[in-house]
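In: take a look and give me a structure for this.
(one chain, ligands or ions: 1)
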Amino acid sequence: MTQSNELRVYGGIKIYAGTASPDLAQKVADYLGEALCGRDIVEFPNENIFVRLHSSVRGQDVYVIQHTASPVNRNLMELLILLQTLRLDSAARITAVVPYLCYGRSDKKDQPRVPITSRLVADMIQIAGADRYMTLDPHAYQIQGFFSVPGDVLNASSILMEYIKENLRPFLKDPVVVTVDLGYAKKGRNFAAIIDAPIAFIEKRRVINNAKAEALTIIGDVKDRDVILVDDEIDTGGSIVQAVNLVKESGAQRVYVSFVHPIFSDNAAERLAALPVTEYITTDSVPILAEKREAFGKRLTILTVAPLLGEVIRRAHEGRSVGQMFNE
Ligand code: R5P
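Out: Predicted coordinates for the structure are as follows:
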């Protein structure tokens, strides 16, 4: 989508919730002091999705909030249809706010004859009508290069870090931050610096095209220390199960697990709840079903990303710096 350099003036903020993210969208709207805009979203018996807006968005600055975790393909298609509906109704600017962006792990051709689905998703979001996008902690930040429209790729992990620094750090014994794989090393280092702790890494080998991960070795010292395992998402829980077992076998004391996106596929919640973990700390980027939340009892802390998204939306609307808010 081509961008014009001419000065553009937008109308008011309009917030739409897809069916995947109603609670988060409501919290974002509350933060901004706005009401969610009315819309009908219907799925017909043949699984076709139909959208109708209750009022005109002509000339408005519109934000559509919809995660694309399970059911992935349905949520993605609904997002695309919402974007196209807004485009056809002459919105002045449309931002796809996708707290969790699907297909993030399909970001390169690392074997012959495979797709780069993450690129395809970026193309579809733009073609459907998005002038901008906003997302949280993608699996790989290089996906920004798949978009030719501007975006705000935000770090919800900073919310987790602040919580740990304020609420846990004073009570931890010789804490060490451990990344679940080497791909998260850079984020892990930031994490460790913020809570003033050393860092260790798990070297993980994943069997190609198989959801099962295999944790191999720890690089660093966890013996007699409290461990904070950090990762971007928990999907099946395979990586965390192996990571927790590995640090425990290596002499770790208490184990905490911090991750941004609680995908919790299959029976991940039950598997995680059975582990010797003191506390799981995550966000509401993706809603967790009540029965899955209950499996954890009081050991699950969910921090909201709504103020982060709301503030970035406010600044995007007002044409103010987003980067600056992290220095304030
Ligand atoms: C993978 O590289 C990611 O950082 C996560 O470790 C992964 O998505 C977790 O998947 P699972 O919970 O299925 O092991």
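In: which bits of the stretch 151-300 of the chain sit near the ligand?
Out: Residues of the stretch 151-300 of the chain lying near the ligand by Cβ under 6 Å from any ligand atom: 180-181, 183-184, 211, 213, 231-239. Glycine gets a C-beta too; all of them are placed from N, C-alpha and C.
In: in the chain, mark out all the strands, start to finish.
Out: Using DSSP state E, the strands found in the chain span residues 13-17, 39-43, 49-53, 61-65, 93-98, 132-136, 151-154, 176-179, 199-206, 213-219, 227-234, 255-262, 279-283, 300-303.
In: tell me the angle the first one makes with strand 61-65.
Out: Between strand 13-17 and strand 61-65, the angle formed by their directions is 20 degrees, by axes from the mean of the first three to the mean of the last three Cα atoms, to 10 degrees.
In: coming back round to it: comparing the strands of the chain by mean pLDDT, which bottoms out?
Out: Lowest mean pLDDT of the strands of the chain: strand 213-219, a mean of 79.
In: who touches that strand?
Out: 178, 180, 200-207, 238-239, 242-243, 245-247, 250 (Cβ atoms under 8 Å, 6 or more residues apart in numbering).
In: partners of that strand, with directions?
Out: Sheet pairing of strand 213-219 (DSSP bridges) gives strand 199-206 (antiparallel).
In: go through the strand it pairs with and flag the buried ones.
Out: Buried residues in strand 199-206, counting neighbours by 16 or more other Cβ atoms under 10 Å, are found at 199-202, 204.
In: out of those residues, who's nearest residue 135?
Out: residue 204 (24.1 Å; Cβ to Cβ).
In: now the closest one: how far from residue 185?
Out: Using Cβ to Cβ, to the nearest Å, residue 204 is found at 12 Å from residue 185.
In: before we move on, the earlier item: from the residues of the stretch 151-300 of the chain next to the ligand, which would you call buried?
Out: For these, buried by 16+ other Cβ under 10 Å: 180-181, 184, 213, 231-239.
In: farthest pair within these?
Out: 184 and 236, at 16.9 Å, using Cβ to Cβ across these.
In: ok so, going back, can the strands of the chain go into JSON lines with extra columns for distance to residue 104?
Out: Listed next are the strands of the chain as JSON lines, based on distance: least, Cβ to Cβ, whole Å:
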{"stretch": "strand 13-17", "distance to residue 104": "22"}
{"stretch": "strand 39-43", "distance to residue 104": "24"}
{"stretch": "strand 49-53", "distance to residue 104": "23"}
{"stretch": "strand 61-65", "distance to residue 104": "18"}
{"stretch": "strand 93-98", "distance to residue 104": "10"}
{"stretch": "strand 132-136", "distance to residue 104": "9"}
{"stretch": "strand 151-154", "distance to residue 104": "11"}
{"stretch": "strand 176-179", "distance to residue 104": "17"}
{"stretch": "strand 199-206", "distance to residue 104": "15"}
{"stretch": "strand 213-219", "distance to residue 104": "16"}
{"stretch": "strand 227-234", "distance to residue 104": "8"}
{"stretch": "strand 255-262", "distance to residue 104": "9"}
{"stretch": "strand 279-283", "distance to residue 104": "16"}
{"stretch": "strand 300-303", "distance to residue 104": "21"}
